[in-house]
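Novice: quick one, fold the following:
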Amino acid sequence: MNILLVEDDSRISDFIIKGLEENNFSVSLAATGELARELIAANEWDLILMDIMLDGIDGIQLTKMIRFKKNNTPILILSALDATDDKIMALDSGADDYLVKPFHFQELISRINALTRRTKFNYQKKEQIYFCHNLKVNLEEHAVTQDDTIIDLSPREYKLLLFLLENKNKVVSRTQILNAVWGINYDNNTNIVDVYISYLRSKIDENSQKLIYTIKGTGYMLKE
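Specialist: The predicted structure follows:
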């Protein structure tokens, strides 16, 4: 499950990300509402964890924007505001659930699982197997094969490949890849994207048809 965490307090975001990753969730971070809006427009998310008090676009405004775009991604508000009126405002703006900070982490996991169950039909509709030429990725089995040969990928390489597959035949920029695979806290000046593209190419392009193309001055494309 790919989760977008919208939180401007680094202490809280570090705590949440560490806990979610230990529970096998994939998490990306947006520290501002503006950045969250860009990431939501550019990527598909299974769940959004949203703080309310953000610089610029706040959580309520952002939730309304998401719903105005007919985006039905489940939204769980995480806020220190505990008044009934705040909860009503958030839910009326389009949020699916509301959890007051501080909270027990297991309750957060339970809320996430509950939202997953509520939207089970939507998740079942999502493609469970990705294909590109002779490459096959089975999401349920977490397995990557090429011509029936198992391809051993690191967790980061796997996440990078999934992002490219989800955007197959589309050009994605290095910034989009960095945000989706490493999270916004990563230094935009790093060459980590190019390094991992090289790692991935060495495993899926070797002895096979070329799949990952460099689009000069723009980014990369996984192409049939």
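Novice: L81 in helix, strand or coil?
Specialist: Classification of L81 into helix, strand or coil gives coil, according to DSSP: H, G, I helix; E, B strand; the rest coil.
Novice: equivalent analysis for K170, please.
Specialist: On the three-state scheme (three-state DSSP), K170 is labelled coil.
Novice: tell me what the nearest residue to it once chain neighbours are set aside is bridged to.
Specialist: Ranked by C-beta to C-beta, 6 or more residues apart in numbering and with sequence neighbours excluded, the top spatial neighbour of K170 is M221, at 6.6 Å. C-beta here means a position set from N, CA and C on the backbone, and glycine is covered the same way. For M221, the beta-bridge partners under DSSP bridges are Y213.
Novice: so M221 touches V171, yeah?
Specialist: Yes: with contacts counted by C-beta atoms under 8 Å, M221 reaches V171, the gap being 5.0 Å.
Novice: now the common contact residues for the two.
Specialist: With contacts defined as C-beta atoms under 8 Å, 6 or more residues apart in numbering, the residues adjacent to both M221 and V171 are I215.
Novice: so between those two, which is more surrounded?
Specialist: Between M221 and V171, M221 has the larger neighbour count (other C-beta atoms under 10 Å), namely 17 against 13.
Novice: mind splitting this protein into its structural domains?
Specialist: Domain assignment of the chain by automatic domain parsing yields the ranges 2-124, 129-222.
Novice: least reliable of those domains by average pLDDT, please.
Specialist: The stretch with the lowest mean pLDDT among the domains of the chain is domain 129-222, which comes in at a mean of 86.
Novice: quick one: it to chain centroid distance?
Specialist: Centroid separation for domain 129-222 versus its chain: 15 Å, with C-alpha atoms, centre = their mean, to the nearest Å.
Novice: repeat for stretch 93-111
Specialist: The chain centroid and the centroid of stretch 93-111 are separated by 18 Å, computed with C-alpha atoms, centre = their mean.
Novice: show me where the chain has helices.
Specialist: In chain order, the chain shows helices spanning 10-22, 33-42, 59-68, 84-93, 105-118, 120-125, 155-166, 174-177, 192-204, with DSSP state H as the criterion.
Novice: as CSV, the ones you listed with mean neighbour count and distance to N134 would be great.
Specialist: Compiled in CSV, those are given as follows (neighbours: other C-beta atoms under 10 Å; distance: least, C-beta to C-beta, whole Å):
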stretch, mean neighbour count, distance to N134
helix 10-22, 15, 31
helix 33-42, 18, 28
helix 59-68, 19, 37
helix 84-93, 15, 46
helix 105-118, 14, 32
helix 120-125, 10, 26
helix 155-166, 19, 13
helix 174-177, 18, 23
helix 192-204, 17, 9
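Novice: output those helices in CSV; the columns should cover distance to M1.
Specialist: Formatted as CSV, the entries for the helices of the chain read as follows, by distance: least, C-beta to C-beta, whole Å:
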stretch, distance to M1
helix 10-22, 9
helix 33-42, 16
helix 59-68, 18
helix 84-93, 22
helix 105-118, 7
helix 120-125, 9
helix 155-166, 12
helix 174-177, 19
helix 192-204, 21
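Novice: quick check: end-to-end length of stretch 213-223?
Specialist: According to C-alpha to C-alpha, to the nearest Å, stretch 213-223 extends 7 Å from its N-terminal end residue to its C-terminal end residue.
Novice: so which residue is smack in the middle of this protein?
Specialist: Central residue of the chain (C-alpha atoms, centre = their mean): N2, 4.0 Å from the mean position.
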